[in-house]
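A.B. asks: Pasting the sequence and the predicted model now:
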Amino acid sequence: MAVSTIGPTGLSSAVGALGKNLVTNGGANVSQRGTQTGQYNAYTAVDQFWFQEAGSVQARFTTTQDGSGGAGHANSLKLDCTTAESTVAAGDLLNLQHRIEAQHLQHLQWGTTSAKDVTLSFWMSSPKTGTHCVSLYQADATRSYIVEFTIAVVNTFEYFSVTIPGDTGGTINDDTGPGLYVSFPLFSGGNWQAAAGSWLASQDYTTSNQQNLADNTSNNIFVTGVQLEVGSVATDFEHEDYGTTLAKCQRYYAKTFPQGTAPAQAAGGNGARLAVGVSTGDFSCEWQLPVVMRVAPTVTLYNPVNANTSAYNADDGTDTAVSAGTPTDNYIRTTPTLDATDAGDLMIVHMTASAEL
């Protein structure tokens, strides 16, 4: 394992192949959910990053896509502590985490003698100096690797890269489940702590030296430029056009709302699914999903006009009960229930589809 704080201008650009970064949305450019408040065990404002929580966590955060970052990054994920946790119990854990689908990691060849090293690089701004940790965790093998790094200046973006040896004793199944957790711990109790610098047959995330980044409501943490790649050298961050990153994110979360609109009830009809009633009974508002999702998603319904989960009848201004049916990984067919007066009327409804790891 090696830790480096060299600047990005000194990095090699030799690796230019599309898709070298195993982290989706590491530049924090896609934010389909918008600002999220009171968070501790949910997806953040930035797609593909969520809070992993265990124990009796009291800390809460507001998360936003922030227009700041290290060199070359227009955006970052901001974590604003709104409820502090000054005392951390042994079973308490709070990680900022990114999960990578297992079938996308087969080329690492972990669990064989050909296991490949990986290098994680990122920019981070922390409210505290001193020891921080990052970790990888293999869900299929219950194995973890912890790395310490040191923040030198508070509230300033610093660049880090860490190299982690390929795990010859690991297992990453060839399936659609979670293969690796990439974690940035905000705090952890003793039950989640272990030594750094080797693969462990346990689920641990920090050493005992990890700072508590949620002990004060003035604490803000920023993260961007997260890249995990094969090899022992950190190369330049793989910048993608917005559409490419969005499509990758939509494998796990998609919405009918415009990209600039956070999903919510009564958020307007732009992008909503439409259908015209033809007779008494059921009819469908259909959504061909933008990409094939990881698995058949969980669907949430939103009324474009009123604060409920019904479809809205745009002709008579009433709400109509609707269900999501049985979604597939690329198609959703909702079924509003009509009465005789609805024939010929226009029905509209918004949806989100979640197939997160």
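C.D. replies: On my side now, so go ahead. Residues are numbered from 1 along each chain as shown.

A.B. asks: show me the residues around the most centrally placed residue in the chain that make contact.
C.D. replies: With the centre of the chain defined as its mean C-alpha position, the nearest residue by Cα atoms, centre = their mean is Q48, 1.8 Å away. With Cβ atoms under 8 Å, 6 or more residues apart in numbering as the criterion, the residues that contact Q48 are V23, T24, N25, V30, H98, R99, C249, Y252. All C-beta atoms are positioned from the backbone trio N, CA, C, and that covers glycine.

A.B. asks: what are the ranges of the helices in this protein?
C.D. replies: Secondary structure of the chain (DSSP state H): helices located at 242-250.

A.B. asks: picking that back up, now the residue nearest to the centre of the chain: how far from V88?
C.D. replies: Taking Cβ to Cβ, to the nearest Å as the criterion, Q48 is separated from V88 by 26 Å.

A.B. asks: The residue nearest to T176 when sequence neighbours are not counted and G179, how far apart?
C.D. replies: Leaving aside its chain neighbours, T176 sits nearest to R294 (5.1 Å; criterion: Cβ to Cβ, 6 or more residues apart in numbering). For R294, the distance to G179 (Cβ to Cβ) stands at 12 Å.

A.B. asks: what's the overlap in contacts for the two?
C.D. replies: Residues touching both R294 and G179 by Cβ under 8 Å, 6+ apart: E101.

A.B. asks: neighbour count winner among these two?
C.D. replies: G179 (27 against 18; other Cβ atoms under 10 Å).

A.B. asks: which one is the more buried one nearest to, not counting chain neighbours?
C.D. replies: With sequence-adjacent residues excluded and distances taken as Cβ to Cβ, 6+ apart, G179 is closest to A102, at 3.2 Å.

A.B. asks: for W287, same thing?
C.D. replies: Ranked by Cβ to Cβ, 6+ apart and with sequence neighbours excluded, the top spatial neighbour of W287 is I332, at 4.4 Å.

A.B. asks: ok, now which ones touch the one you found?
C.D. replies: For I332, the set of contacting residues under the criterion of Cβ under 8 Å, 6+ apart consists of E286, W287, L289, P297, V299, A324, G325, M351, A353.

A.B. asks: Scan these and report the most crowded one.
C.D. replies: Neighbours were tallied for each of the contacts of I332 (criterion: other Cβ under 10 Å), and the maximum of 25 neighbours falls on M351.

A.B. asks: and the nearest residue to that residue once chain neighbours are set aside, what does it touch?
C.D. replies: Leaving aside its sequence neighbours, M351 sits nearest to T256 (Cβ to Cβ, 6+ apart; 5.1 Å). Under the criterion of Cβ under 8 Å, 6+ apart, the contact partners of T256 comprise G271, A272, R273, W287, H350, M351, T352.

A.B. asks: Return the distance of T256 relative to A266.
C.D. replies: T256 sits 14 Å away from A266 when distances are taken as Cβ to Cβ.

A.B. asks: wait, doesn't T35 sit right on A262?
C.D. replies: Yes. T35 is in contact with A262 according to Cβ atoms under 8 Å; the separation is 7.1 Å.

A.B. asks: can you list the weak-confidence ranges in the stretch 251-357 of the chain?
C.D. replies: For the stretch 251-357 of the chain, the stretches with pLDDT under 70 are 277-283, 340.

A.B. asks: got the phi/psi numbers for the closest residue to G268 other than its chain neighbours?
C.D. replies: Distance criterion Cβ to Cβ, 6+ apart; nearest residue to G268, sequence neighbours excluded, is P304 at 5.8 Å. Taking degrees, to the nearest 10, you get phi -70, psi -20 for the backbone angles of P304.

A.B. asks: tell me the contacts of P304?
C.D. replies: Contacts for P304 were tallied using Cβ under 8 Å, 6+ apart; they are A266, A267, G268, G269, A272, Y312, I348, V349, H350.

A.B. asks: contacting residues around the fifth one?
C.D. replies: Each residue near A272 by Cβ under 8 Å, 6+ apart is listed here: T256, P304, I348, V349, H350.

A.B. asks: re the thing from before, distance to I221 for the contacts of I332 - can I get that in CSV?
C.D. replies: Putting the contacts of I332 into CSV (distance: Cβ to Cβ, whole Å) gives the following:
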residue, distance to I221
E286, 41
W287, 36
L289, 33
P297, 30
V299, 32
A324, 36
G325, 41
M351, 32
A353, 29
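
A.B. asks: tell me which of those residues is nearest to G243?
C.D. replies: The nearest member of these to G243, counting by Cβ to Cβ, is L289 at 15.7 Å.

A.B. asks: surely the closest one meets R333?
C.D. replies: No. In this structure, L289 is not within contact of R333 by Cβ under 8 Å, at 11.3 Å.

A.B. asks: ranges for the strands of the stretch 151-300 of the chain?
C.D. replies: Listed from the start of the chain, the stretch 151-300 of the chain has strands (DSSP state E, counting those that start in this stretch) covering 158-164, 178-188, 220-230, 253-255, 273-276, 281-282, 285-288, 298-302.

A.B. asks: any chance of those in JSON lines, plus distance to S56?
C.D. replies: Conversion of these to JSON lines gives the following (distance: least, Cβ to Cβ, whole Å):
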{"stretch": "strand 158-164", "distance to S56": "30"}
{"stretch": "strand 178-188", "distance to S56": "13"}
{"stretch": "strand 220-230", "distance to S56": "21"}
{"stretch": "strand 253-255", "distance to S56": "28"}
{"stretch": "strand 273-276", "distance to S56": "41"}
{"stretch": "strand 281-282", "distance to S56": "45"}
{"stretch": "strand 285-288", "distance to S56": "39"}
{"stretch": "strand 298-302", "distance to S56": "26"}
